[in-house]
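Colleague: I would like to see how this sequence folds:
(chains A, B and C, ligands or ions: 2)
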Amino acid sequence: MALLEIQGLKKQFGGLVVLDGIELEVQQGEIQGIIGPNGAGKSTLFNIINGIYSTDAGSIRFKNRNIANWSVHRVARFGIGRTFQVARVFNEMTVLNNMLVPSVVMTTSRAEAVRRAEELLELATLGRVRNNLAIEISGGQKKLLEFVRTMMTDPDLILLDEPFNGINPALIEVLIGLVRSLNQAGKTFLLISHEMPHVSQLCDRVSVLAAGTNIARGTPDEVRANPAVIAAYLGQ
Amino acid sequence: MDFSLLLDPYILTEVLVQGFVRGAMYALMAAGLSLIFGIMGVKNFGHGELFMLGAYAMFFVTVVLGWPWPVGIAVAAVALFIFGMLLERTLIDTLRRKAGRDWVLDAFILTIGILVVLQNLALILFGTSRRGVTSLIDGVLVWGPVIVSYERLMILGVASLVGLSLWAFIRFSSLGKAIRAASQNPEAAQTLGIDIRLIYTVTFGIGAALAGLAGGLLISIYPAHPTVGFEPVIKSLACVILGGLGNVPGAILAALLLGVIEAYSAFFMSAGWQNVITAGLVVLILIVRPSGLFSSSKVERA
Amino acid sequence: MTAIPARARDANPWRSTPVRVLKVLFLIGLLIFIPPLIDNPYITRIFISAVMLGVMAAIFDLMIGYAGLINFGYAGFLAVGAYTSALGTFHFQVSPWAGLLTGGLATALIGLATGVISLRLRGLYVALLTFFVGESIRFALSNSPEFTRGMLGLSVRPLPELLGFDFSRGNILAYYYLLLLLGGAIMLLLTWLVRSRFGLAFEAIREDQLATQSLGLNTTKYKLYNFTIASFLAGVMGAFYASYLGILSPSPEEFGVYRTVEILTITYVGGRGTLWGSIFAAFLLIGLQEYFRGLGPWRLVIYGSLLIFVMLFARRGLAGFKKYLW
Ligand SMILES: Nc1ncnc2c1ncn2[C@@H]1O[C@H](COP(=O)(O)OP(=O)(O)O)[C@@H](O)[C@H]1O
Ligand SMILES: [Mg+2]
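Modeller: Ligands and ions are numbered 1, 2, ... in the order given. Here you go, the predicted structure:
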């Protein structure tokens, strides 16, 4: 049984059909990539899983429940964490307090939450800036912060929207290392990216979206050789 | 209360004309507020003070200098246009560059500061006495059951003319097109070479000019005094909400509607309860239909 | 942007913990002893105004500074507290002491209701909605003279004697100390609140609602908590105000937009999201006002200019100068 299983997902904005019958299946413990040209509907897919947008049709089964149209916070509590294409950190709060926000609704003690937050910040090489305001750190650091912040909710599945975009190579290494080790600890990832080298490095399987439909899925090497995928990217 | 009175043609026209005159004022104010909101996202709480300055300008030109009223109205509009652009460039623009993401709420607070300063400066300079004129034009038009003063006809005429010119300007002039482009998509407009800062400044100037014009035009009904802008700004805010924030035609329609409703309800109740009804109506609209009465689109919600 | 290690900031002995405690005690000492020592009702009234408006501004700060919720009908909420207490005494012989509580509860109810209807709106829409709610309240009060005496003014009985303390109107020192107790309790409650988990939730909501929700927080719930708690406290302060003032009328200066603007200015000058900044700002602004009383409307010009200045050039308010002063 897949951890996440999406069937026949449709979404339109006004007259614009953005997702037209998406199918997706994510197995427990895998790192799956989503690629596709700009405007394919990748971020919209995340926003629907996450509960920001309602669906027009289709089902989203996660841990055997249909979570389609649940509210955002309920989806998060049920075990799906996410990052945004443009990192959404709490600018006027310290890095450490950014990390502690999820603990508001968790049963862990404050001391325990602080310990976990500092541990994650160290792993993300953000320990040094933990008392800085989030607005003061670099764009790449914000992306990392957003990522480790979502880990504070202890999610089963993490959705990463273009995590490598606009972050320097050193931090990319940190990020890749983090994803790997969290994956080994049992976390499942679904990540959107254009950076094929990183996708190949991390992902077991890749799904390709174009114009709101699935056009291919398979290992990174398979999809890269797929003529339909090449056509979709060239046609862009 | 004898309801049949309302069907009496004399009373009916009287009420309608009175309603439209009020409505015209609300419309001029609301059109400017709504324009500024639609394009800049800023709610100008100091809009009533611009109305007040227009009224003083009118008084100065027509009474102190003794020049004819059309000059007064023109001066009120032009002076406020310039003043509005100055306000925007010196204060609001500075804020926009400093405050970043959440600047519109801060801009609202800033306009409150502007309100307090302008209102009290007026108090210092001009005192509390009311400075107005009994009428700009004498005489009444009698036409069958219809009796209307020329003054009111003039107000309605000028307001309609201004409304039409505004519409034509936004619709057909190149600056108007740039303004529309900027309101729909600021980033895209910028890449097309449209100077957003200039657009904002001009937009604020136009809004201010409309307020100044309204202040000048209505001087016989609302004589200039430091707090004269309070009622117009509250009522026009209400119209902007009823019409849908940023929807200029909607605001104008709501303004006329509110003017007539108020004129009618003046028969039934005190001005005080009218205010309760207006405020209550606004709250209701914000709850059930935040996009306004006339809009089909949805407002951004949390 | 290099990181400053947390400890380095505290190296200055002027900011070490014991010195801080002393500084706070000193200020509290000033608050307690200056009015009786000077023993001039005029000065005591200034202190009462400053503390009262400062606490009201701190409550306002809980909404705007911590959760980003603007209650632009705030004065109307104060009116609910004031009138509930006063009308309870006037019509139903409820003790004014109980009025502090009923005023708070009634206002909390209005706050909850306003919160519920404004929840799905944000930013300016909340400002507009609350503004018109506040105005509706004020208009309704002024249009029901048979019950509230409207603009004629409703006279409020002084607080009855309690534990041997005399609260007749002549004895304003009693009111002052009551205010210090009440305001102090409210300030401590607010401080505790913003340092608790609630505070984190509020700040996160202020910064980014969607991100907050994505971390599992029900933002609706926390916004309602914030709004309702703030309204309750505002109602209590309103009820105190009624008893202290002795006569209520729903004028715009007293319970309308001018009062809201006054309080909002104090909050912004003090620095949003600082709570205690409001108290300092209240003393500064009320002090300025009294000092310049001879200047008439100029003092309001100064007030407005200060608000503009803070918005443009000192966006953290007095709190931005804390490092030089504290
Ligand atoms: N809230 C929205 N309203 C209208 N159109 C939207 C909205 N969100 C996304 N879209 C449209 O949906 C399409 C897919 O967007 P998105 O999911 O962001 O693409 P991707 O992430 O694959 O680049 C785009 O054409 C975009 O303009
Ligand atoms: Mg995207």
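
Colleague: skipping adjacent residues, who's closest to the closest residue to chain B within chain A in space?
Modeller: Of all residues in chain A, the one sitting closest to chain B is A:Asn91 (7.8 Å; C-beta to the nearest C-beta). Using the backbone N, CA and C atoms, a C-beta is placed for each residue, glycine as well. Spatial nearest neighbour of A:Asn91, excluding adjacent residues (C-beta to C-beta, 6 or more residues apart in numbering or on different chains): A:Ile135 at 4.0 Å.

Colleague: and B:Val15, by the same measure?
Modeller: In this structure, B:Val15 finds its nearest non-sequential neighbour in B:Ala263, 4.8 Å apart by C-beta to C-beta, 6+ apart.

Colleague: wait, the one you found touches B:Gln18, no?
Modeller: Yes. Under the contact definition of C-beta atoms under 8 Å, B:Ala263 touches B:Gln18, with a separation of 4.5 Å.

Colleague: look at the closest residue to C:Asp166 other than its chain neighbours and report its pLDDT.
Modeller: Among residues not flanking C:Asp166 along the chain, C:Ala174 sits closest, at 6.1 Å (C-beta to C-beta, 6+ apart). According to the prediction, C:Ala174 has pLDDT 83.

Colleague: next helix or strand past the helix or strand encompassing C:Ala174?
Modeller: Using DSSP states H and E, the element containing C:Ala174 is helix C:172-195. Toward the C-terminus, helix C:172-195 is succeeded by helix C:197-207 as the next helix or strand (DSSP H and E).

Colleague: what does the helix or strand hosting B:Phe169 rub up against?
Modeller: If you go by DSSP H and E, B:Phe169 is part of helix B:150-172. Defining contact as C-beta atoms under 8 Å, 6 or more residues apart in numbering or on different chains, one finds that helix B:150-172 is touched by B:17, B:20-21, B:24-25, B:27-28, B:31, B:73, B:135-141, B:175-176, B:179-180, B:206, B:210, B:213-214, B:217-218, B:220, B:248, B:252.

Colleague: strands - which of those land there?
Modeller: When these are checked against strands using DSSP state E, the ones located there are B:Val140, B:Leu141.

Colleague: now the nearest residue to A:Thr44 once chain neighbours are set aside, what's its secondary structure?
Modeller: Leaving out its chain neighbours, the residue that sits closest to A:Thr44 by C-beta to C-beta, 6+ apart is A:Val18, at 5.0 Å. Local secondary structure at A:Val18 is given as strand here, using DSSP: H, G, I helix; E, B strand; the rest coil.

Colleague: so what pLDDT did the residue nearest to C:Glu207 when sequence neighbours are not counted get?
Modeller: If the residues on either side of it in the chain are set aside, C:Glu207 comes closest to A:Phe90, at 3.8 Å by C-beta to C-beta, 6+ apart. The model reports A:Phe90 with a pLDDT of 94.

Colleague: what about the stretch 101-250 of chain B, any weak spots by pLDDT?
Modeller: Along the stretch 101-250 of chain B, segments meeting pLDDT under 70 span B:101.

Colleague: mean confidence for the longest helix seen in chain B?
Modeller: Scanning chain B for the longest helix, with DSSP state H as the assignment, gives helix B:9-40. Across helix B:9-40, the average pLDDT comes to 86.

Colleague: what angle sits between that helix and helix B:150-172?
Modeller: Going by axes from the mean of the first three to the mean of the last three C-alpha atoms, to 10 degrees, helix B:9-40 is angled at 30 degrees with respect to helix B:150-172.

Colleague: ok and the residue in chain C nearest chain B?
Modeller: Taking C-beta to the nearest C-beta, chain C has C:Gly304 as its residue nearest chain B, at 3.1 Å.

Colleague: apart from its neighbours in sequence, what residue is nearest that residue?
Modeller: By the measure of C-beta to C-beta, 6+ apart, the closest residue to C:Gly304 outside its immediate chain neighbours is B:Val116, 3.1 Å from it.

Colleague: phi, psi for C:Asn218 please.
Modeller: Note on C:Asn218: backbone dihedrals following degrees, to the nearest 10 are phi -80, psi 100.

Colleague: list the contacts for it?
Modeller: A:Ser71, A:His73, A:Val105.

Colleague: quick one: contacts for the last one?
Modeller: This points to A:Val105. Under the criterion of C-beta under 8 Å, 6+ apart, the contact list for A:Val105 reads A:Arg77, C:Gly216, C:Leu217, C:Asn218.
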